[in-house]
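**Student:** sequence and predicted structure, then a few things I'm wondering about:
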Amino acid sequence: AAKNNGGNQSRFFARNMHKASQLRYRLIADLRQALPAGQLRLYYQPIVELVDGGIRKAEALLRWSHPQRGLLPPAEFIGLAEEIGLINQIGDWVFTEAAAQARRWGELLGGSFQVSVNKSPAQFAAHAQRLSWAAHLRQQGQAGNSVSVEFMEGVLTNVSEAAGDELASLHQAGIELAVDHFGAGASSIATLKKFDVDYLKIDRSFLHDMAADAGKQTILETMIAMAHRLGLRVIAEGVETAKQRDWLREAGADYAQGFLFSEPVPAEQFSALLGGGQARH
Ligand code: C2E
Ligand code: MG
Ligand code: MG
């Protein structure tokens, strides 16, 4: 009976495996269609200046409007896009779309407005035939600093020659650089300085439980002070409560981003936030 049961179990297991790989192939096929079929969307989350609460920037966050499964967050498909070699095509689309939006909002505000895009480590690998982001902005006659690029600190600690060249060329074009999820990895102060980083985005894990954890508060204060001494500005991520916001302002952080201000929203909704008088130069 035991043997029989084992046989059933492995058949059950094999069936599930088969089902999982079918789903995966389906998703891969769908993902290859997503860009040409116009299913990718950018959502925008405000980045607020802490001294006065005004919206100063936005982060572009990718969504996939899947015909059957609805709106999917990046965690559901970015990894897959990297695996099947689609990430650079998608990343170039994200960049041109975000840059165009930054330009529109700059015009709306009668000045300039910065939108940041995320670039994953796979997008720093050497590849032929990629759109030059710097050249694209030049062709549009658009200021480099209307866009900033967010990347994980691992790009700096494990820097390849291709990644170093890429960072230098972005910086040269005036595109600002932000280290995302800072504090979650192990970048050294020296590498931040070496690559001319403009912003530290402090990982939201530092805000979590902060009130109850004096150690975390000390680390945060030290990170903010260190960033400022290096000439970097600080963006705190994942700000969800007024208490966190007030603490950060007191501690001298420059910007904040999080559900307290707004979740990521489509461009039209973001325009309404800007039009609501929340943005000032
Ligand atoms: P990230 O760059 O750190 O983006 C911030 C994430 O935190 C977003 O998740 C945002 O919705 C979420 N968030 C914002 N405020 C709060 C808050 O107050 N509380 C909490 N709990 N979460 C908050 P999302 O949009 O699901 O993106 C996840 C990650 O996917 C991003 O992390 C980024 O690393 C990656 N990603 C997003 N868009 C792109 C893209 O266009 N290209 C690439 N390569 N990666 C992307
Ligand atoms: Mg980011
Ligand atoms: Mg982030």
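**Tutor:** Yes, it's here. Ligands and ions are numbered 1, 2, ... in the order given.

**Student:** from now on I want contacts and neighbour counts done on CA atoms only, so please keep to that.
**Tutor:** OK.

**Student:** quick check: closest non-adjacent residue to residue 167.
**Tutor:** residue 195 (7.2 Å; CA to CA, 6 or more residues apart in numbering).

**Student:** residues contacting that neighbour?
**Tutor:** 156, 164, 167-168 (CA atoms under 8 Å, 6 or more residues apart in numbering).

**Student:** that one and ligand 1, how far apart?
**Tutor:** From residue 195 across to ligand 1, the span is 19 Å (CA to the nearest ligand atom, to the nearest Å).

**Student:** likewise for residue 76?
**Tutor:** 9 Å.

**Student:** for that residue, report the pLDDT, please.
**Tutor:** pLDDT, residue 76: 96.

**Student:** how about residue 6?
**Tutor:** In this model, residue 6 carries a pLDDT of 64.

**Student:** need the residue closest to the centroid of the protein.
**Tutor:** residue 118 (3.7 Å; CA atoms, centre = their mean).

**Student:** was I right to think that one contacts residue 147?
**Tutor:** No. Using CA atoms under 8 Å as the test, residue 118 is too far from residue 147 to be in contact (10.8 Å).

**Student:** could you name every residue contacting both of these two?
**Tutor:** Counting by CA under 8 Å, 6+ apart, nothing touches both residue 118 and residue 147.

**Student:** tell me which parts of the stretch 151-281 of the chain are close to ligand 1?
**Tutor:** Applying CA under 6 Å from any ligand atom, we find that the stretch 151-281 of the chain lies next to ligand 1 at 238-240, 258-259, 264.

**Student:** nearest to residue 109, of those residues?
**Tutor:** residue 264 (20.0 Å; CA to CA).

**Student:** what about the strands in the stretch 151-281 of the chain?
**Tutor:** Under the criterion DSSP state E, counting those that start in this stretch, the stretch 151-281 of the chain carries strands at the ranges 176-182, 199-202, 233-236, 255-256, 265-266.

**Student:** contacts for the fourth one, please.
**Tutor:** So the one you mean is strand 255-256. Strand 255-256 is touched from outside by 47-50, 233-239, 245, with contacts defined as CA under 8 Å, 6+ apart.
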